[in-house]
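>>> Pasted the sequence and its predicted model underneath.
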Amino acid sequence: MKDDLPRILCVDDYDDTRVLFQQVFANEPYEFDVCATGKEAITKYMNTMHCRPAAGMLMDLGLLDINGARVIRAIREIEHGSGMGCHAVRMGVISGSIGILERTTLLDDAKVSLFIAKPVEVNDLRERVREWMSAPSPCIGRGSVDIVTDGQVESVLSTRESL
């Protein structure tokens, strides 16, 4: 049953990439959920973190609505503010452009633990995600929140200017 499997939330603004990810991971031992925008990812994360939290999140940095690094930092703020404990969800970046400074900042500040540059070979992607998901969980614990509105997502995004 899918509800028993660890859930990975993939955020990418290209339809073809989201479809490819769903196909590549269809037979893997986790549920693979997709979002097209950063705002959708934050909303989905907030709405499911108390009942069916994501075990991992794969983020494209070049999203059209919100920079992926900003989304990652917003998720970390949500974790911190909800009592879940810092870094409750594994964070990974799959992007065509990962600069060394941005990579270092994400690694140190947001504890991103997987970096994959696009384009990526399908078998390599599958293997790297398997290894990433089999590593010890960064944190255990859950908070609780109510279903969120777009206004609440905007509020989370505006809490820190440095996001």
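Yep, it's here.

>>> Now T17: closest residue in space that isn't a chain neighbour?
If the residues on either side of it in the chain are set aside, T17 comes closest to D60, at 7.5 Å by CB to CB, 6 or more residues apart in numbering. Yep, even glycine has a C-beta here, placed from its N, CA and C like the rest.

>>> count of residues packed around the one you found?
Number of residues near D60 (other CB atoms under 10 Å) recorded here: 23.

>>> any chance you could read off phi and psi for it?
For D60, the backbone dihedrals (degrees, to the nearest 10) come out as phi -80, psi 130.

>>> oh, and call the first residue 9 from now on, that's how I've got it
Sounds good: first residue 9 from here, last item D68.

>>> ranges for the strands of this protein?
In chain order, the chain shows strands spanning 15-19, 39-43, 64-67, 98-103, 122-125, with DSSP state E as the criterion.

>>> how about the ones you listed, which one is nearest V32?
Checking the strands of the chain against V32 by CB to CB gives strand 39-43 as the closest, at 8.4 Å.

>>> Paired strands for that closest one, with orientation please.
Using DSSP bridges, the strands paired with strand 39-43 are strand 15-19 (parallel).

>>> Just give me how far the strand it pairs with sits from the chain centre.
6 Å (CA atoms, centre = their mean, to the nearest Å).

>>> just to revisit the earlier point, deepest-packed of the strands of the chain, please.
Each of the strands of the chain was scored by mean neighbour count; the highest is strand 64-67, a mean of 25, by mean count of other CB atoms under 10 Å.

>>> Show residues contacting that one.
By CB atoms under 8 Å, 6 or more residues apart in numbering, the surrounding residues in contact with strand 64-67 are 14-20, 29, 38, 49, 53, 76, 79-80, 83, 97-103, 122, 137, 140-141.

>>> The residue nearest the centre of the chain pairs with what?
Nearest to the mean C-alpha position of the chain, by CA atoms, centre = their mean, lies M65 at 2.4 Å. Per DSSP bridges, residues listed as beta-bridge partners of M65: L17, M99.
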